[in-house]
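Engineer: pasted the sequence and its predicted model underneath.
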Amino acid sequence: MEIHNPAAHESLARSLLPLKSRHWQVDILRSTGEVAARCHRLKGLQRRAIDKRSTQAFPKYLSDIERALNGDGAIIASFQQKRDLAIAALDHAGDQWKRITDLYQGIQLDLTAAEIRQIRTSTPTNAILSRKIAVTTAQVAKQIVDENSDILPYPDITEMSTSFAFRASLIQHLHYVEWIINGSPENVSEAKRKNDAIDNMIIATATYFDGFFSADQNSKRRYRSAKYILSGIRAIENVEKELSKFKT
């Protein structure tokens, strides 16, 4: 996330070198695509999201950053090459999330004036509104999986909540509700929308873990809301699993 800045090694130094004395407490996560392809069932969920090879190489990565700061031309050039790859990856990720956002266009048309007013006044959601949100999230998640079926496996019905596509859709839906509350401002720049999309990807990945640190209060609220909703869904899925035992 930091390497895309012009002076890549300097940006990385600011964000990562403070971790040097605690590098053994750091786990490096897989890319979003790899997490999405792997995390479709509950068992070992957090472990599968961690990139062991990158985690083991992290101390050397920090050493390379220090060498770049000291003027090692070869290392600086390698970071610039990685910067170019990172920019392309972020652009691709932003485009993907723009398509997800486009899937949500028109959701507001499915809500009644009373329901929109209810959202904007922060009134607790009723059963009908909650069902609409749940159904739309599932529909968008299914469409994401359909469009990426070569890498995204369909989760078992009793483990739907583990699917990255479902979690990504849920985070985006929570963000969309924020847009409704704020009156869907039209003056948001394309860069801001892309940054929001990347933030949502990070939040979706963070839901596989027990905490999320950010200075962005909206992002933290989205994370907390998603975790609360996912815990409820998991409880329902666990009941379904127990019932299926009796059925068989």
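Structural biologist: Nice, thanks for sending it over. Nothing here was measured: the structure is a model prediction, and the numbers come from that model. Residues are numbered from 1 along each chain as shown.

Engineer: please count neighbours and contacts with C-alpha atoms only from this point.
Structural biologist: OK.

Engineer: how close does K60 sit to F166?
Structural biologist: Distance from K60 to F166, counting by C-alpha to C-alpha, to the nearest Å: 35 Å.

Engineer: and the two? Which one has more around it.
Structural biologist: Just comparing K60 and F166: by other C-alpha atoms under 10 Å the higher neighbour count belongs to F166, 25 against 11.

Engineer: wait, H4 sits on A88?
Structural biologist: No: between H4 and A88 no contact is recorded; they are 9.3 Å apart, counting by C-alpha atoms under 8 Å.

Engineer: looking at the two, which one has more neighbours?
Structural biologist: A count of neighbours by other C-alpha under 10 Å puts H4 above the other of H4 and A88, at 21 against 13.

Engineer: secondary structure element holding the more buried one?
Structural biologist: H4 is located outside every helix and strand, with elements delineated by DSSP states H and E.

Engineer: list the contacts of the residue lying closest to it once chain neighbours are set aside.
Structural biologist: Closest residue to H4 apart from its sequence neighbours, by C-alpha to C-alpha, 6 or more residues apart in numbering: R83 at 5.0 Å. Neighbouring residues of R83 by C-alpha atoms under 8 Å, 6 or more residues apart in numbering: 3-5, 8.

Engineer: out of these, which is nearest to H23?
Structural biologist: Using C-alpha to C-alpha, I3 is the member of these that lies nearest H23, at 18.6 Å.

Engineer: assign the closest residue to the closest one other than its chain neighbours to helix, strand or coil.
Structural biologist: With sequence-adjacent residues excluded and distances taken as C-alpha to C-alpha, 6+ apart, I3 is closest to R83, at 5.4 Å. Put simply, R83 is helix when judged by DSSP: H, G, I helix; E, B strand; the rest coil.

Engineer: secondary structure element for the closest residue to L129 other than its chain neighbours?
Structural biologist: Sequence neighbours aside, E115 is the residue nearest to L129 in space, at 7.0 Å (criterion: C-alpha to C-alpha, 6+ apart). Using DSSP H and E, E115 sits within helix 113-120.

Engineer: buried residues in that helix?
Structural biologist: Buried residues in helix 113-120, counted by 16 or more other C-alpha atoms under 10 Å: 115-116, 118-120.
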